[in-house]
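**Q** sequence and predicted structure, then a few things I'm wondering about:
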Amino acid sequence: MKLFPAKTRTARDMLSISPSTNLFLNILMVACSLLTLAPFYIIIIASVTSEASLTANGYRLWPEEFSLSAYTYLFREGSIIITAYKNTIISTLAGTVLTIILVMLYAYPLSRNNFRFSTFFTFFAFFTMLFGGGLVAYYMVMRQILQIQNTIWALFLPSSFSPFWVFVLRTYIKTNVPDELIEAARIDGASEWRTLIQIVMPLSVPGLATVALFSAIGIWNNFFNVLLLVDKVELYNLQYTIYSTLNNIRFLIENASRMQGVVNLAELPSQTFRMAMAVVTIGPIILAYPFFQRYFVRGLTIGAIKG
Amino acid sequence: MTNQETPAKPKFRWTADAIYCNLSYLTMVLPGTIWLILFAYLPMPGIIMAFKNYRLQKPPADYWIQNRFIYSLIESPWVGWDNFRYLVLPTNLNNTITFVRNTVLYNLLFMVVGLVLSVLLAVIIYELTNRFWAKLYHSIFFLPFFISWVVVAYVVYALANHTGIINTALASWNLPPLEIYKEKIYWPFIFLFANIWKYTGNGSILYLAIITGIDRQLYEAAAMDGANKWQQFWNITLPQLIPTIVLLQILAVGRIFGSDFDMFYTLPGGSALVRDVTTTIDVYVFNMLRSTTPLGYPAAVSLVQSVIGFVLILVTNYIVRKTRPEMALF
């Protein structure tokens, strides 16, 4: 299904909105788009302004003095950002691969009519969407039974599977992979595993890409599980690193008057440095966005509508 | 989302024959099943902590299971409803009411505003005559969905701290500064705007897909009969959207006692002065978990949250099934 089909000529004449309404809506949309993009613009511009001009003149629409010093400082030898980047990239890659495997393997049997236990396993996954043990029990199980706290697993394992993704992918397979094809493969003697890998998977790429992107975003942006399960600085991911930096700075500034002599405000990470941190955190996500978007919209709409 | 289109599925029984026939399928679902057991089902028995005076203790050497959590879960003394009573003690009642109120009101606000704006955006984007621009707008509105709340907290801070954009501007006009980390009044608006910013583009995708799928002839016939755009929306577009809207709202009702933890936790950055309008049940539970409070109290809150959510989703779904069976979730 195409989200933005070309409208046919005849239908357009009768049904399309009047040019003045169209103009009005376009102006409205441009205004909203600019508002949506404004936060990105603010932090990017602030991150490439020199600290001196930012302190003297405050934030401006266009920097008075360009400077990339925040970025060079950010990626200096031994910076916490480099460790955080490494942790985030490793966990995102590992988590996404794991998601693809787990979700594909769970969704494919559920999409088949000859799987006798599909009702059971559908319910087994669906029930967890309705009811949960709550945060306290989750916290205790993670820490006392699975003991994944302060390991790299804590960064991706709890967010690498979701019943919702299973249902999206199952519906995608049902509507996009013809039964006849799977039947034909079976008659030709292919095993279930071979059918899955050589026939079903290549045909489910948009659905899989959607799930993979969801998972990658979730793990890249993972904050909660790190807050809950990681106490070691060397295992912090990007989100948690920049969160604790912001919080420390705010605490120090707000209490600076009471702690005179203890804190030297001039030595705190500068504003440009902080903004540069936010920029490098969202950077890769923005860069990956255009590549995935094509699949994403297709996979999400087809997978979720017919469900 | 559940299987409704299964005409003559063989009845499932765990017989040796059935297992043998489906062995490869069963192997495939095994890894996912293990994940579900470890991360979703294993914490479920933990809800009994809500009825116990739970203390984490080391099991004695001769105990049958050498795990502190399980030992403490089984051996801690039962206290009945004491943990629940604690939450409504005169000293805590105000807090409890405030946090429940925050959670429910924010959720209702986000549900209503989110629904209206998502549908509106989908309709507008569909109606635009230039496809290239429609696509571009949509890509832009979808973008914030990928940004974490921590980064949003940076943006809020950059806008509203002492030397931030807003306060620099206010100072140059000789106006008093905006103290968002000290005054409560701003937070409902900050959360609402942040929520709209992040989720509207994503929310509209589904509606846009459905509208795109509606048969154009319906509109042509309506236009022929003299229906204007507004009437076409109410009588053709909206009825087609209703099943999806109902489905998503059933799920949202089930989450009404939950909240977007990352947003409520990171944006105010733990500022105590605005706690009354920024703390939701999730944040409350987390704060208790991190403090020295006995674990039975947050466990009791968690349990109430889970049970009410579960009951609400069953009741909503029951009502929908009674009135419009084709729209029910299960």
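**A** Yes, it's here.

**Q** got any ranges where chain A has weak pLDDT?
**A** In the predicted model of chain A, residues A:1-3, A:5-14, A:57-60, A:256-269, A:296-307 satisfy pLDDT under 70.

**Q** any idea how far the residue nearest in space to the middle of it is from A:Y289?
**A** Centroid-nearest residue in chain A, with CA atoms, centre = their mean: A:I217, separated by 1.3 Å. A:I217 sits 10 Å away from A:Y289, taking CB to CB, to the nearest Å as the criterion. C-beta: built from backbone N, CA, C; applies to glycine.

**Q** do A:A278 as well
**A** Shown here: A:A278 relative to A:Y289, a distance of 17 Å by CB to CB.

**Q** hmm, back to that, residues in contact with the residue nearest to the centre of chain A?
**A** A:285, B:145-146 (CB atoms under 8 Å, 6 or more residues apart in numbering or on different chains).

**Q** if we go to 7 Å?
**A** Counting by CB atoms under 7 Å, 6 or more residues apart in numbering or on different chains, A:I217 makes contact with A:285, B:146.

**Q** name the element it belongs to?
**A** helix A:205-220 (DSSP states H and E).

**Q** for that helix, buried residues please.
**A** A:206-220 (16 or more other CB atoms under 10 Å in any protein chain shown).

**Q** and the next helix or strand after it, how far from the chain's centre?
**A** Heading C-terminal from helix A:205-220, the first helix or strand you meet, by DSSP H and E, is helix A:224-229. For helix A:224-229, the gap between its own C-alpha mean and the chain's C-alpha mean amounts to 16 Å (CA atoms, centre = their mean, to the nearest Å).

**Q** quick one: list the elements packing against helix A:224-229.
**A** Counting contacts by 3 or more CB pairs under 7 Å, 6 or more residues apart in numbering or on different chains; DSSP states H and E, helix A:224-229 packs against helix A:153-156, helix A:238-254.

**Q** is it possible to get CSV of those helices that adds distance to A:I80?
**A** Output for the helices and strands packed on helix A:224-229, formatted as CSV (distance: least, CB to CB, whole Å):
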stretch, distance to A:I80
helix A:153-156, 16
helix A:238-254, 6
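
**Q** and these: which comes nearest chain B?
**A** helix A:238-254 (4.6 Å; CB to the nearest CB).

**Q** have a look at the chain and report its longest helix.
**A** Defaulting to chain A. Assignment by DSSP state H gives helix A:271-305 as the longest helix of chain A.

**Q** actually chain B
**A** Longest helix in chain B, counting by DSSP H: helix B:90-127.

**Q** what is it packed up against?
**A** Checking 3+ CB pairs under 7 Å, 6+ apart, helix B:90-127 ends up next to helix A:19-47, helix B:131-142, helix B:187-213, helix B:238-254, helix B:281-290.

**Q** in CSV: those helices, plus mean neighbour count and distance to B:P298.
**A** Listed next are the helices and strands packed on helix B:90-127 as CSV, based on neighbours: other CB atoms under 10 Å in any protein chain shown; distance: least, CB to CB, whole Å:
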stretch, mean neighbour count, distance to B:P298
helix A:19-47, 16, 34
helix B:131-142, 18, 36
helix B:187-213, 20, 23
helix B:238-254, 17, 21
helix B:281-290, 20, 4
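
**Q** next, format those helices as JSON lines and append distance to A:F127.
**A** Listed next are those as JSON lines, based on distance: least, CB to CB, whole Å:
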{"stretch": "helix A:19-47", "distance to A:F127": "37"}
{"stretch": "helix B:131-142", "distance to A:F127": "31"}
{"stretch": "helix B:187-213", "distance to A:F127": "24"}
{"stretch": "helix B:238-254", "distance to A:F127": "12"}
{"stretch": "helix B:281-290", "distance to A:F127": "21"}
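
**Q** looking at the ones you listed, spot the one closest to B:S271.
**A** The closest of the helices and strands packed on helix B:90-127 to B:S271 is helix B:187-213. By CB to CB, the value is 9.6 Å.

**Q** can you tell me the average pLDDT over that closest one?
**A** On average, the pLDDT along helix B:187-213 is 90.

**Q** ok, the very next helix or strand once past that helix near chain A or not?
**A** Using DSSP H and E, the helix or strand that follows helix B:187-213 in sequence is helix B:216-224. Yes: using CB under 7 Å from any CB of the partner chain, helix B:216-224 comes into contact with chain A via B:216, B:219-220, B:223.

**Q** top of the residues you listed by neighbour count?
**A** Most neighbours among these, by other CB atoms under 10 Å in any protein chain shown: B:Y219, with 18 neighbours.

**Q** with adjacent residues omitted, what lies nearest to it?
**A** Spatial nearest neighbour of B:Y219, excluding adjacent residues (CB to CB, 6 or more residues apart in numbering or on different chains): A:L15 at 5.3 Å.

**Q** and if you look at B:D262?
**A** The nearest residue in space to B:D262 (CB to CB, 6+ apart) is B:W149, at 4.0 Å.

**Q** quick one: pLDDT of that neighbour?
**A** 93.

**Q** for it, which residues are in contact?
**A** Counting by CB under 7 Å, 6+ apart, B:W149 touches A:223, B:262-263, B:266-267.

**Q** and A:L229, by the same measure?
**A** A:142, A:148-149, A:154.

**Q** A:A125 and A:P163 touch, don't they?
**A** Yes: using CB atoms under 7 Å as the test, A:A125 is close enough to A:P163 to be in contact (3.9 Å).

**Q** which one of the two has more residues nearby?
**A** A:A125 (26 against 21).

**Q** quick one: the more buried one is in a helix?
**A** Yes: using DSSP: H, G, I helix; E, B strand; the rest coil, the secondary structure at A:A125 is a helix.

**Q** tell me how far it lies from chain B.
**A** Using CB to the nearest CB, to the nearest Å, one gets 6 Å for the distance from A:A125 to chain B.

**Q** contact residues of the stretch 51-200 of chain B facing chain A?
**A** Residues of the stretch 51-200 of chain B found near chain A (CB under 7 Å from any CB) are B:67-69, B:124, B:127-129, B:131, B:133-135, B:137, B:139-141, B:143-144, B:146-151, B:153-155, B:157-158, B:163, B:165, B:168, B:197.
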